[in-house]
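Asks: Sequence and predicted model, in that order:
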Amino acid sequence: MHRGTVVTESGAICAYLADAFPAAGLAPASGSPERGTYFRWMFFGAGCVDPAMLDKMFSRPPPERRGAAGYGCYDDTMNVLETALSPGPFILRDRFSAADVYVASQIAFGVMMKTIEPRPAFQAYLELMEQRPARKRATDQADKIAAQLKASA
């Protein structure tokens, strides 16, 4: 909850916070040419990557009619995602954004759960994300909380 507004769903939370705190520079300005690309990949994560990972997790076969599912199929989704990361280093090329926070978290979760194969492009992208100072701070905080919980148990 932020200023009385309840926001759910990971992608929506990322986009909302990026807009709520523009000084952080995590989203292109409204009306900028990059804004469409930014939203494209935020929604691709939610609308394509998530269902494709579920297909893999539950061993669902691709649809018989190509395009019957809005995201195509698992292989199409992973190929498009890999292509999006290829110019790099970030989704918006030279600019880190909330789209990277969201997409990287999906890739990391998918690789961990074995619903996304660890392609070299995905691994390189995750390694880059691991080096972000905010990521390191968040990991350190999570480790401290886990240690406190373990000590109090």
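Replies: Nice, I can see it.

Asks: Looks like Ala52 contacts Val80 (just checking).
Replies: No: counting by Cβ atoms under 8 Å, Ala52 sits too far from Val80 to count as a contact (9.7 Å). All C-beta spots, glycine's among them, are computed from the backbone N, C-alpha and C.

Asks: Give me the more crowded residue out of these two.
Replies: Using other Cβ atoms under 10 Å as the criterion, Ala52 and Val80 rank with Ala52 on top: 27 against 15.

Asks: That one: helix or strand, and which one exactly?
Replies: Here Ala52 sits within helix 50-57, counting by DSSP states H and E.

Asks: tell me the mean pLDDT for that helix?
Replies: Taken as a whole, helix 50-57 carries a mean pLDDT of 93.

Asks: quick one, the helix or strand following that helix and helix 50-57 angle?
Replies: With elements assigned by DSSP H and E, the helix or strand that comes after helix 50-57 is helix 74-85. In terms of direction (axes from the mean of the first three to the mean of the last three Cα atoms, to 10 degrees), helix 74-85 departs from helix 50-57 by 130 degrees.

Asks: Can you name the residues in contact with helix 74-85?
Replies: Helix 74-85 has contacts (Cβ atoms under 8 Å, 6 or more residues apart in numbering) with 41, 44, 48-49, 52, 55-56, 62, 71-72, 91, 103, 107, 116-117, 119, 121-122, 124-125.

Asks: List the buried residues in it.
Replies: Tyr74, Asp76, Thr77, Met78, Leu81, Ala84, Leu85 (16 or more other Cβ atoms under 10 Å).

Asks: How about stretch 2-20?
Replies: Quick answer for stretch 2-20 (16+ other Cβ under 10 Å): Ser10, Gly11, Cys14, Ala15, Tyr16, Leu17, Ala18.

Asks: Which helix or which strand is home to the residue nearest the centre of the chain?
Replies: Nearest to the geometric centre of the chain sits Val103, at 1.6 Å (Cα atoms, centre = their mean). Assigned by DSSP H and E, Val103 falls within helix 98-112.

Asks: one step back: need the buried ones from the contacts of helix 74-85 selected in ChimeraX.
Replies: Per 16+ other Cβ under 10 Å, the buried members of these correspond to this ChimeraX selection:
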select :41,44,48,49,52,55,56,71,72,91,103,107,116,119,121,122,125
